[in-house]
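Engineer: below are the sequence and a predicted model; questions follow.
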Amino acid sequence: MARRILVTGASGQVGWELARTLQGMGVVYAPPRADLDLDDLVSVARVVREFQPDLIVNPAAYTAVDRAEQDEAAALRINGEAPGVLAEEAKRLGALLVHYSTDYVFDGTAQTPYREDDPVAPKNAYGRTKLAGESAIVQSGARHLILRTSWVYGMRGQNFLLTVLRLARERDELRIVADQFGAPTWCRTIAELTAQIVAQGLREDGLDDGFWQTNGGIYHLTSQGQTTWHGFTEAILARAQLGRRPIVHAIGTADYPLPAPRPAYSVLDGDKLARTFGLRAPEWGDALDLCLAR
């Protein structure tokens, strides 16, 4: 009997890539939001019970960071409570839950890359709700893999890369924050490494229970290296070959106030992922090259 894989958020950047990358591992069901809306917790449980997956992969999230400051309850349902429901259903079925979290669970005061066991202290509503999701999954007792990532971009949806490409066509000058540090991570990198990780814990007839009991938990999955939003912008424009290139001015966070405070430093350490699964994401610039080559 073929494994059954449920992927949430199939219209999003990571979900779209996962629905394709996980092919060959089983029957992939990636329903549209109309059929699986994480804002409807009863619907979430119903879909899982009807499909009865062996593997649940949950990239769906409330990602409107600034809007979450005004509507934290909605963000909490999707980012905190829905993952808890998925975890409870996964436990009931004996399934594995793969869930994605964020660098925003940290406060950004570190000066070296954050490890998985470093203290969490989110400074905005989005980070708090994502941390609530992590906690709900861990406390459920379900087999789980939580992958924290950062600065996700790709060639579809809404993200920083596409915003920069659009603004570069519209404006002669851009003002971009240069005092926040992180690692831009291509959504396809996330999907492909997820597939390689999951493949290590499969058996002919399902999941390898012993493997996930030993190797489940929280991991950091981001590109290697670091840059700023300003540095990321300059790299995009240098590679994109748009025919025109606006002047990019470096500004401080204080010069571009937003409702949700951002961590000044949110680089994540990927050593645990490498030690456990033998996998490392590429350098952020190399991944950007691959993305734009499409």
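Structural biologist: Thanks, I have it.

Engineer: from the contact counts, what lies against whichever helix in the chain runs longest?
Structural biologist: In the chain, with assignment by DSSP state H, the single longest helix is helix 125-140. Judged by 3 or more Cβ pairs under 8 Å, 6 or more residues apart in numbering; DSSP states H and E, helix 125-140 is in contact with helix 72-76, helix 82-93, strand 96-102, strand 143-149. Placement of C-beta: from N, CA and C, glycine included.

Engineer: can you list the residues that contact the second one?
Structural biologist: Outside helix 82-93, the residues within contact range by Cβ atoms under 8 Å, 6 or more residues apart in numbering are 8, 38-39, 41, 44-45, 48-49, 52-54, 56, 58, 60, 95-97, 99, 133-134, 136-137, 140-144.

Engineer: low pLDDT regions in the stretch 101-250 of the chain?
Structural biologist: Counting by pLDDT under 70, not a single residue of the stretch 101-250 of the chain qualifies.

Engineer: mind listing the strands for it?
Structural biologist: With DSSP state E, counting those that start in this stretch, the ranges of strands along the stretch 101-250 of the chain come out as 143-149, 152-153, 173-177, 181-182, 185-186, 202-203, 206-207, 217-220, 227-228, 247-251.

Engineer: skip the chain neighbours and tell me the closest residue to V138.
Structural biologist: Sequence neighbours aside, H144 is the residue nearest to V138 in space, at 7.2 Å (criterion: Cβ to Cβ, 6 or more residues apart in numbering).

Engineer: so the one you found sits against L97, correct?
Structural biologist: Yes: the criterion here is Cβ atoms under 8 Å, and H144 meets it with L97 at 4.7 Å.

Engineer: which residues are common contacts for these two?
Structural biologist: With Cβ under 8 Å, 6+ apart as the test, H144 and L97 both reach 87, 90, 137.

Engineer: now render the residues you listed as JSON lines, adding distance to G225 and neighbour count.
Structural biologist: Converted to JSON lines, those look like this (distance: Cβ to Cβ, whole Å; neighbours: other Cβ atoms under 10 Å):
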{"residue": "A87", "distance to G225": "33", "neighbour count": "25"}
{"residue": "A90", "distance to G225": "34", "neighbour count": "28"}
{"residue": "I137", "distance to G225": "29", "neighbour count": "26"}
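
Engineer: of these, closest to A19?
Structural biologist: A19 lies nearest to A90 out of these, by Cβ to Cβ, at 18.6 Å.

Engineer: buried sites along stretch 160-180?
Structural biologist: 160-162, 164, 168, 174, 176-180 (16 or more other Cβ atoms under 10 Å).

Engineer: equivalent analysis for stretch 141-150, please.
Structural biologist: 142-150.

Engineer: let me know the closest of these to R128.
Structural biologist: R148 (14.6 Å).

Engineer: for the closest one, what are its contacts?
Structural biologist: 100-103, 105, 116, 218-222, 268.

Engineer: one more time with 10 Å, if that's ok
Structural biologist: For R148, the contact set (Cβ atoms under 10 Å, 6 or more residues apart in numbering) comprises 99-106, 114, 116, 120, 130, 134, 218-222, 266, 268.

Engineer: same question for R245.
Structural biologist: 168, 172, 174, 234, 237-238.

Engineer: which one of the residues you listed is nearest to N124?
Structural biologist: Distances from N124 to these, taken by Cβ to Cβ, are shortest for L174, at 24.0 Å.

Engineer: correct me if wrong: the closest one contacts V248.
Structural biologist: Yes: counting by Cβ atoms under 10 Å, L174 does reach V248; the two are 4.9 Å apart.

Engineer: what sits in contact with each of the two?
Structural biologist: Common neighbours of L174 and V248 (Cβ under 10 Å, 6+ apart) are 164, 168, 230, 233-234, 237.

Engineer: a markdown table please, covering the residues you listed and showing distance to V65.
Structural biologist: Shown next, in a markdown table, are the shared contacts of L174 and V248 (distance: Cβ to Cβ, whole Å):
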| residue | distance to V65 |
| --- | --- |
| V164 | 17 |
| A168 | 23 |
| H230 | 19 |
| T233 | 18 |
| E234 | 23 |
| L237 | 24 |
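
Engineer: now T253: how far from P263?
Structural biologist: Computed with Cβ to Cβ, to the nearest Å, the distance linking T253 and P263 is 10 Å.
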